[in-house]
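Undergrad: what follows is a predicted structure for the sequence shown.
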Amino acid sequence: MKCDLHVHTLHSGMCTVPVMDRICRESYNDPDEVYRILKGRGMNLVTVTDHDSIEASEGLRHYPDFFLSEEVSCISASGTRLHVGVHDISERQHVELQRRRDDLSALLAYLDEHQLFFAVNHVFSSLTGPRTDHDFAIFEKHFPALETRNGQMLASCNSAAAGLAARWGKAATAGSDAHTLRSLGLTYTEVAGARNQEEFLGGVRRGLGTAQGVSGNCLALTQAVAAIGCAMIRERPSTLALAPLLAAVPLIVLVNAILEYTFARKWITRLGWSLTGMTVSKALSTLSGPDYVLMRRINRWPAPRWIRWWMIASTRGGDGWFWVGCGLILLLTRDPERYAALTAAALAATTGALLFITLKKAVGRKRPCAFEPHCWARLLPPDQFSFPSGHTITAFAVAVSLDHYYPSAQPALLFCAFSTAISRILLGMHFLSDVIAGALLGAALGAGSVWLLSGW
């Protein structure tokens, strides 16, 4: 039997992002539509795990294959926040769980007393806040199960959770964590040979459940966030003015993926163990699959001489000399906006430098030259880390900043920025995803610096 054990509806409450928590829901899924889609995707049993709510059950309780669950938002003794999936509960038990959710010790005591099955959800996610050593000690001692496959989390983070569950001898659960209809039932828990709800839940409790289906990726999460944003606008037409912010969703999702991977790797290292598959290359391949194929083709391509000179000149200019030269030329002009333009460019470039230095050390991805030599490029990289491309961040940060003040120079600025970005790939200094991330981050920093200064 199959069941998606992590599902949200419009009863999950408001989102937790500051400001947006006043106008945007966690999910806009209609419970009846959720049931219909889950059954259509082959789920034998259906449950809903809204945040601290069982309101969705009002319209679903008459189905014989539905059982009541919820995701309890609780606070540990160390002050950190946890999401605990509790399954097959009654309305009275829901009330008691909510009474105890701000006291994890009392909550765990109640769950044990009533022999309820529960699991800590997305154990290696930073979205609920930080973790402490005490939290993991509690997980190991008191939790019977861990969610080992979450349909919104990177495969590497799910792999880490599965390894932790195996190491501790915990039962495994899996669910889509669907906040939109698109991903419902694509990740689920399966118990082979179970014939009814009692046998299914008993099997999961005894560790016989297996995690099936997909993990998350940047594209799917971008689509989900955009869908929630569009649903918010449909429900509240007054929020239409926020629609341009949807353009920033891919960048936000990319940064979140990096932070999630870094968070998981930090705790794996801190716990003093390693996992097969929890590698930088696997985690980042989730972001950009063609990276290594493209790297091998480029490293073995004997480019024409004119392309070689163009790429070398672009990357040397991208070292900073070209942009410094642009600044000096602007200072010599009498344009009244030259100081504002230079301030915006300097702010974006400086912030970008701090950002890529931090991200490179946190992610620790090796450069292409560490895997395979280049057939003609002999330039030495400035450091050993690859993600994201610092040259590309700086180029797009400065180009977008200056473009705001000098739109007539846009073709030249973008030509230089793209030339720098392409050169980092063709010279074997970076992977494709390094440069894409750098361009998105740099453009966002450039636009942000202009917006900040215009507000002043």
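TA: Everything's here; your move. Numbers count the residues shown, from 1 in each chain.

Undergrad: may I have the phi/psi pair for Ala238?
TA: Check again: residue 238 is Ser, not Ala. phi -70, psi -20 (degrees, to the nearest 10).

Undergrad: so which bits of the helix or strand hosting Ile312 are buried?
TA: Using DSSP states H and E, Ile312 falls within helix 305-316. Across helix 305-316, burial judged by 16 or more other Cβ atoms under 10 Å covers Trp310, Met311, Ile312, Ser314, Thr315. C-beta here means a position set from N, CA and C on the backbone, and glycine is covered the same way.

Undergrad: and the fourth one, how far is that from Ala417?
TA: When distance is defined by Cβ to Cβ, to the nearest Å, Ser314 is 10 Å away from Ala417.

Undergrad: and what of the first one?
TA: Using Cβ to Cβ, one gets 14 Å for the distance from Trp310 to Ala417.

Undergrad: swap in the last one?
TA: Using Cβ to Cβ, one obtains 12 Å as the distance from Thr315 to Ala417.

Undergrad: can you check the second one too?
TA: Using Cβ to Cβ, Met311 is found at 14 Å from Ala417.

Undergrad: how about the third one?
TA: Separation of Ile312 from Ala417 (Cβ to Cβ) stands at 17 Å.

Undergrad: and what of Pro250?
TA: Distance from Pro250 to Ala417, by Cβ to Cβ: 18 Å.

Undergrad: kindly report the same for Ile329.
TA: Taken as Cβ to Cβ, the span from Ile329 to Ala417 is 17 Å.

Undergrad: what does Val123 give?
TA: Val123 is 40 Å from Ala417, by Cβ to Cβ.

Undergrad: and Asn121, by the same measure?
TA: Counting by Cβ to Cβ, the gap from Asn121 to Ala417 is 41 Å.

Undergrad: so for stretch 153-166, mean pLDDT?
TA: Averaged over stretch 153-166, pLDDT sits at 90.

Undergrad: and if you look at stretch 72-87?
TA: For stretch 72-87, mean pLDDT rounds to 91.

Undergrad: how far off centre is that stretch?
TA: Counting by Cα atoms, centre = their mean, to the nearest Å, stretch 72-87 is centred 21 Å from the centre of its parent chain.

Undergrad: give me the contact list for stretch 400-407.
TA: By Cβ atoms under 8 Å, 6 or more residues apart in numbering, the list of residues contacting stretch 400-407 from outside reads 326, 337, 340-341, 344-345, 347-348, 409-410, 413-414, 442-443, 445-447, 449-450.

Undergrad: return the subset of those lying in helices.
TA: Among these, DSSP state H puts 326, 340-341, 344-345, 347-348, 410, 413-414, 442-443, 445-447, 449-450 in helices.

Undergrad: tell me what the helix holding Ile312 is packed against?
TA: The contact analysis (3 or more Cβ pairs under 8 Å, 6 or more residues apart in numbering; DSSP states H and E) places helix 305-316 against helix 410-426.

Undergrad: can you list the neighbours in contact with the helix it packs on?
TA: Contacts to helix 410-426, defined as Cβ under 8 Å, 6+ apart, come from residues 294, 298, 303, 307, 310-312, 314-315, 317-318, 322, 377, 389, 391-392, 395-396, 398-399, 402-403, 406, 429-432, 434-435, 438-439, 442.

Undergrad: in helices only, show me those residues.
TA: 294, 298, 307, 310-312, 314-315, 322, 391-392, 395-396, 398-399, 402-403, 432, 434-435, 438-439, 442.

Undergrad: which among those count as buried?
TA: Buried members of the ones in helices among the contacts of helix 410-426, counted by 16+ other Cβ under 10 Å: 294, 298, 310-312, 314-315, 322, 391-392, 395-396, 398-399, 402-403, 432, 434-435, 438-439, 442.

Undergrad: tell me where the stretch 201-350 of the chain has strands.
TA: 210-213 (DSSP state E, counting those that start in this stretch).

Undergrad: what mean pLDDT does stretch 104-111 get?
TA: For stretch 104-111, the mean confidence score works out to 94.

Undergrad: so which bits of it are buried?
TA: Neighbour-count burial for stretch 104-111 [16+ other Cβ under 10 Å]: Leu104, Leu107, Leu108, Tyr110, Leu111.

Undergrad: now Asn217: phi and psi?
TA: Asn217 adopts backbone torsions of phi -150, psi 170, taken as degrees, to the nearest 10.

Undergrad: no wait, Arg22
TA: phi -90, psi -20.

Undergrad: how about the contacts made by it?
TA: Met14.

Undergrad: pLDDT weak spots in the chain?
TA: When residues are selected by pLDDT under 70, those of the chain lie in 273-290, 455-456.

Undergrad: and Ile233, how far from Ala243?
TA: Distance of Ile233 to Ala243, computed by Cβ to Cβ: 6 Å.

Undergrad: kindly report the same for Pro31.
TA: Distance of Pro31 to Ala243, given as Cβ to Cβ: 27 Å.

Undergrad: more neighbours: which of the two?
TA: Ranked by neighbour count (other Cβ atoms under 10 Å), Pro31 and Ala243 place Pro31 first, with 21 against 12.

Undergrad: my guess is the more buried one contacts Val7. True?
TA: No: with contacts counted by Cβ atoms under 8 Å, Pro31 stays clear of Val7, the gap being 9.5 Å.

Undergrad: what is in contact with the two at once?
TA: Both Pro31 and Val7 are contacted by Val48, under the criterion Cβ under 8 Å, 6+ apart.

Undergrad: picking up where we left off before, give me the more crowded residue out of Pro250 and Ala417.
TA: Shown here are Pro250 and Ala417; by other Cβ under 10 Å, Ala417 has more neighbours (27 against 17).

Undergrad: how near is the residue lying farthest from the centre of the chain to Phe387?
TA: Distance from the centre of the chain peaks at Arg334, with 45.7 Å (Cα atoms, centre = their mean). Applying Cβ to Cβ, the value for Arg334 to Phe387 is 42 Å.

Undergrad: same thing with Val400?
TA: Distance from Val400 to Phe387, counting by Cβ to Cβ: 21 Å.

Undergrad: residues in contact with Val72?
TA: Val72 touches Asp52, His83, Val84, Gly85, Val86, Leu97, Gln98, Arg101, Leu107, counting by Cβ under 8 Å, 6+ apart.
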